[in-house]
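have a look; sequence and predicted model below, questions after that.
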Amino acid sequence: MSQDLRQVPQAETLSEGPTTADQYVVTGGAGFTPPPEVVIPTSLSREALRRFMANRLSVASTVLILFLLLLTLLANFLPLQNAFHHGPDLVLDAPPSGAHWAGTDSNGLDEFSRLVFGMRPAFAVGIIGQVITTLLGVAFGVVAGFYGGWVDNVLARITDLIFAFPSFLLAFLVVGVFGSQVTGFGGGTGSVMLITVVFALVGWPSLMRFVRGLTLSLREQQFVEAARTVGTPGWKIITRHILPNTWGLVLVQATFGVGAYISTEAVLSLLGLGVQSPNPDLGVMVSSGIGQLSVNPIEALAPSALLTIIVVAFAFLGDGLRDAVDPRGKE
Amino acid sequence: MSLLSFTIKRLIGMVLILIGVSIITFALVAYAPGNPIRTNVVQHATPDTIKMLMHKYGLDLPGYQRYFNYVGGLLHGNLGLSLAQPGVSVNDILASGLPVSLKLGGVSLLVALLVGIPLGIIAAVRQNRLLADNMNMGAMLILYSIPPFVLIPILQLIFAIDLHWLPAGQWGDDGWLGVKEWVMPVTVYAAGLAGFFARSVRSFMLEVLHQDYIRMARAKGLRERRVVYIHAMKNTLLPFASVLGPTIAYLVVGAFIVEDLFSIPGIGEITVQSTLQNDLTVTEATTLVLAVAVVVINALTDIFYTLADPRVRL
């Protein structure tokens, strides 16, 4: 019986969709003292974490992403070759050796260090851009879905417009217009910041539609109705009841979005519109490496392989998260 | 909603979105930081020359008037003047690239359809078979998810540098060499689309094959070939219109990467080079032309869809 108390509501709610962890707190009536083993809290997020940890591919991807992220963040403190100025042993397009693990590029700079530093724009645009996109998308989506009315209408028209515009073109146009103004700023961080902002501005509508849909369905559920009945103000219903029920699925969307942002950033830099040449960036490295294919193919293959690995790792991570927070979606 | 009122409503929506698109492209370029004449056209010009050029480009007018002139020009098919090459019309700059891009995109789309649709059908009909479904769809997933900037260096390394079978970074030759120049760009361009088509066709087909009318067709003793290629095929190709949107977006992005890395003088490459030279009116024009194409194609798809499938008429 004590086992049933813990298990049954869980099985029910799982089949209905994600709900808050609060629902599982067993509060017995008078004289009910739960035996110690019942108190073990198996909240929904803990269940999701368990399912996620069971997916080896996703866990491996997470470890890989964290490793690469740490590597690029701590690059300044690691005993790497100089990625910006060549040393006295200047050799152009050198093959891999003990001193240069991935050889040198056409400027004689260490390819491996440039790969490590070159991940910075990718991660910065991918993660920071996606965080801003998510904040905007969730804020607008919840407001549009919860309040409806003219707010919803105005936002729907704006999203229609941005949806009709192919997002790559819009990003291309904005980066093209403002790119030359910011390239000199902060040693290459200017273009990274510009691209991040542009992606966030172009990217939020799709997330907004997603969150709006979630909010619309949550709004009609009984626990929201109950909250409304006891006079809970709107903002409190949003923060206490709606948002906690959306974060799992939003996180999944955002994870997939990071990969998309990283590859679009690489494409823009590859075309010469993003990060500018002396600054290390994977897209820039692919573009300059293609010219050296017959001399030293590693210069193009290494950055493009690294980019693919990062993008694919985020895709696997997203897959694992989706199966973890929404097990019904698993075929 | 009747078909006519749906069509009218959709067309009005399309026009409103087109106006929005024109406002966005215009405002971004018109209010770009810096004086476009001073940064672009002349380095050592007298104030009088700049004034004269500002007048020629209509930049001395107030913003709303410039917008109306811009839209008026657009309605006459006039995309304005180039900033980097004074006096040259943007139409002339883009005119040389547009046929190249359309041909390249068209051929690649055709190849992707010819490869993707049959593979998708085979995978659906022989669901869960190792070779026909699992390995086939695995390969398609790889094709779909591998970015062009990875595929291009690998292909160039193998076929141009190691084997010397195909030329890299050449374009516009006649005869057999000209044909060989097409092979790699079309392969890269079509690869992702073929994977996307194959996977969509498989899922549409599987959905249709599980419907009652297919069971009925089989029950009355029709040949399997007829059931699949006539009965199921009709309802498989219909939702295919819904993948057109992502296809167009893919073609646009593909045009930029493929043309840039293979040095093909198409509209994408022209736009990239113009943007790098700060010739923003060219960027503006390309963005607008491509965005208009996307908006119009999406609207036509919606209308076609309601015509072809009465179930979506709400």
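On my side now, so go ahead.

where does pLDDT dip in the chain?
Picked chain A for this. Within chain A, the stretches with pLDDT under 70 are A:1-42, A:83, A:86-89, A:92-93, A:98-102, A:108, A:183-188, A:327-331.

my question was about chain B, not that one.
Within chain B, the ranges that satisfy pLDDT under 70 run B:1, B:34-45, B:245, B:312-314.

residue boundaries of the helices in it?
Listed in chain order, the helices of chain B (DSSP state H) span B:3-30, B:36, B:47-56, B:63-75, B:90-125, B:136-145, B:148-155, B:175-209, B:212-219, B:224-226, B:233-237, B:244-261, B:267-276, B:280-308.

so which of those gets nearest A:Ala305?
A:Ala305 sits nearest to helix B:148-155 of all the helices of chain B, at 7.1 Å, using CB to CB. Where C-beta positions appear, they are placed from N, C-alpha and C, glycine not excepted.

show me what whatever helix or strand A:Thr134 lives in is packed against.
Per DSSP states H and E: A:Thr134 is located in helix A:129-147. Contacting helix A:129-147 under the criterion 3 or more CB pairs under 8 Å, 6 or more residues apart in numbering or on different chains; DSSP states H and E are the following elements: helix A:149-164, helix A:189-219, helix A:234-237, helix A:243-270.

tell me which of those lies nearest to chain B.
The closest of these to chain B is helix A:149-164. By CB to the nearest CB, the value is 4.3 Å.

could you pull out the buried residues of the closest one?
A:152, A:155, A:159, A:161-164 (16 or more other CB atoms under 10 Å in any protein chain shown).

same for it, what does it pack against?
By 3+ CB pairs under 8 Å, 6+ apart, helix A:149-164 packs against helix A:129-147, helix A:189-219, helix B:3-30, helix B:280-308.

not counting that helix itself, show me its contacts.
For helix A:149-164, contacts defined as CB atoms under 8 Å, 6 or more residues apart in numbering or on different chains pick out A:140, A:143-145, A:170, A:202, A:205-206, A:208-209, A:212, B:13, B:17, B:20-21, B:24, B:291, B:294-295, B:298.

at 6 Å what do you get?
Helix A:149-164 has contacts (CB atoms under 6 Å, 6 or more residues apart in numbering or on different chains) with A:140, A:143-144, A:205, B:17, B:20, B:295.

now do stretch A:290-308
Residues contacting stretch A:290-308 (CB under 6 Å, 6+ apart): A:93, A:102-103, A:105-106, A:115, A:266, A:282, A:285-286, A:289, B:149-150, B:153, B:156-157, B:161, B:261.

give the buried subset of those residues as a ChimeraX selection command.
Restricted to buried positions by 16+ other CB under 10 Å, the ChimeraX selection for these reads:
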select /A:93,102,103,105,115,266,282,285,286,289 /B:149,150,153,156,157,261
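
please tell me I have it right and A:Val142 contacts A:Leu214.
No: counting by CB atoms under 6 Å, A:Val142 does not reach A:Leu214; the two are 8.6 Å apart.

need the residues touching each of the two.
Counting by CB under 6 Å, 6+ apart, nothing touches both A:Val142 and A:Leu214.

okay if I get the buried residues of helix A:149-164 as TSV plus distance to B:Ala95?
What follows is those, written out as TSV (distance: CB to CB, whole Å):
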residue	distance to B:Ala95
A:Asp152	44
A:Leu155	39
A:Thr159	34
A:Leu161	29
A:Ile162	29
A:Phe163	30
A:Ala164	25
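
quick check: the farthest pair among the contacts of helix A:149-164?
A:Val143 and B:Val295 (27.0 Å).

more neighbours, these two?
Legend: neighbour count by other CB atoms under 10 Å in any protein chain shown for A:Val143 and B:Val295, higher for B:Val295 (22 against 19).

to A:Ala54, which of the helices of chain B lies closest?
Per CB to CB, nearest to A:Ala54 of those: helix B:136-145, 22.6 Å.

next, the angle from the closest one to helix B:148-155.
On the basis of axes from the mean of the first three to the mean of the last three CA atoms, to 10 degrees, helix B:136-145 is oriented at 110 degrees to helix B:148-155.

quick one: A:Val295 is in a helix?
No: counting by DSSP: H, G, I helix; E, B strand; the rest coil, A:Val295 falls outside a helix, being coil.

how many neighbours does it have?
Neighbour number of A:Val295 under other CB under 10 Å is 14.

and for the one 3 residues further on?
By other CB under 10 Å, 22 other residues sit near A:Ile298.

same check, this time on A:Ala227
17.

thinking again about what came up before, save the helices of chain B as TSV, and put in distance to chain A too.
As requested, these are exported to TSV (distance: least, CB to the nearest CB, whole Å):
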stretch	distance to chain A
helix B:3-30	4
helix B:36	10
helix B:47-56	19
helix B:63-75	15
helix B:90-125	14
helix B:136-145	7
helix B:148-155	4
helix B:175-209	11
helix B:212-219	21
helix B:224-226	25
helix B:233-237	20
helix B:244-261	5
helix B:267-276	4
helix B:280-308	5
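
relative to B:Met140, which of the helices and strands packed on helix A:149-164 is closest?
That would be helix B:280-308 among the helices and strands packed on helix A:149-164, by CB to CB, at 23.3 Å.
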